[in-house]
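Peer 1: Please work out how this folds:
(one chain, ligands or ions: 1)
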Amino acid sequence: MELKLFFGNSASMKELEDDSIHLVVTSPPYFNSPFDYPDLFNSYDEFLNLITQVADEIKRVLCQGRIATLVVDDILINGLKYPIVADMTRIFIDAGFKYRERITWVKPEGYIRISRRSGVLLQHPYPMYYYPDNLQESILIFQNGTFNYKSISTDIRSKSELDLDEFNKGKWYLSVWNITNVLPLKNRLEKGIAAFPEEIPYRLVKLYSYHGETVLDPFMGSGTTLKVALDLKRNAIGYEIDLELKKIIEEKLELNQIKQEAKSIINKQVIIREDTKYLRTELQNHVKKSEGRNGQG
Ligand SMILES: C[S@@+](CC[C@H](N)C(=O)[O-])C[C@H]1O[C@@H](n2cnc3c(N)ncnc32)[C@H](O)[C@@H]1O
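Peer 2: As a prediction, the model looks like this:
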């Protein structure tokens, strides 16, 4: 199996050949989310421009008929809601993808990471003070043309067969997925990364790729997609702009149990490009400062 980690801007994935990827599972940065990415982008247009470039690159590298999945949500910054889900859908359609599906990921009510906006109504129980607490994100699913089911050998089909018990028990058949988010435990690996839980790439990799194929994450973060892809015997490729995450990614992949047993068959490559950046410390300091200002720190 192959594992490739690229540190650099995924607006260009020039290292990857055309039609070389079978599935994309990713979660782009949440624009300038106050909790993780304050002021990462100079403007919303700059953010949309990055997504447009990445969408074009995904279109180029994805094989015919294959799937790109994006975990995204609209975001509220200083009282203004940015329509990220709608804008990303339009960008991917314009890049030539077929819009195939939108799954809603629902997190448990017990833990809400954002501030409880609904408190406004408790203080002012009158019309027009309603701001609900957000428990959901969208999993957008795009397809690169038509898939040829006959292109897969019988052997690979049988190695990739889904477990119907798991499918039924986990209610994978619904367009709403109830999955616990990564909890903010002390000393967790993913602090300040906005990582998604393993269950999300686990379902997507199983549902949309075959054994031995190649999964790409252009916004790697802590490397959750890559870890799961390797666990499920797929090749894994990731891009991440922030070199400060290299250690965390490598730690997460070391946790990968099959890594030990399969060390000899994993061909690992790490490429650090000139356009990589050092972001985390700066972003986290920024978050702490604004939390202090808001009296939440
Ligand atoms: C929402 S996080 C991904 C989290 C990941 N799914 C996980 O489970 O850890 C988005 C990541 O994209 C990275 N990023 C932002 N801009 C980028 C760019 N232009 N190229 C590559 N990575 C970028 C951020 O540093 C961040 O780590």
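Peer 1: Val25 sits in which helix or strand?
Peer 2: Following DSSP states H and E, one finds Val25 within strand 21-26.
Peer 1: What strands flank that strand, and is each parallel or antiparallel?
Peer 2: Strand pairing for strand 21-26, using DSSP bridges, gives strand 62-72 (parallel), strand 214-217 (parallel).
Peer 1: For Met1, find the nearest of the ones you listed.
Peer 2: Closest to Met1 of those is strand 214-217 (CB to CB; 9.6 Å). Just so you know, the C-beta spots here come from the backbone N, C-alpha and C atoms, and that holds for glycine as well.
Peer 1: How about the contacts made by the residue of the chain found nearest the ligand?
Peer 2: Closest contact between the chain and the ligand, by CB to the nearest ligand atom, is at Gly221 (2.4 Å). By CB atoms under 8 Å, 6 or more residues apart in numbering, the residues touching Gly221 are Ser27, Glu190, Ile193, Ala194, Ala195, Glu240, Leu245.
Peer 1: go with 6 Å
Peer 2: By CB atoms under 6 Å, 6 or more residues apart in numbering, the contact set of Gly221 is Ile193, Ala195.
Peer 1: Between its first and last residues, what's the separation in stretch 31-48?
Peer 2: Terminal residues of stretch 31-48 are spaced 9 Å apart (CA to CA, to the nearest Å).
Peer 1: So what touches that stretch?
Peer 2: Pro29, Ile75, Ile77, Tyr82, Asp87, Gly192, Ala194, His286.
Peer 1: show me where the stretch 151-297 of the chain has helices.
Peer 2: Under the criterion DSSP state H, counting those that start in this stretch, the stretch 151-297 of the chain contains helices at 154-159, 164-169, 199-208, 224-231, 246-255, 257-262, 280-293.
Peer 1: Tell me which stretches of the stretch 1-150 of the chain form helices.
Peer 2: Assigned by DSSP H, counting those that start in this stretch, the stretch 1-150 of the chain shows helices spanning 44-61, 84-94, 119-123.
Peer 1: okay if I get the strands paired with strand 21-26 as CSV plus distance to Asp39 and mean neighbour count?
Peer 2: Below are the strands paired with strand 21-26 laid out as CSV (distance: least, CB to CB, whole Å; neighbours: other CB atoms under 10 Å):
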stretch, distance to Asp39, mean neighbour count
strand 62-72, 19, 21
strand 214-217, 24, 25
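Peer 1: Understood, closing this out.
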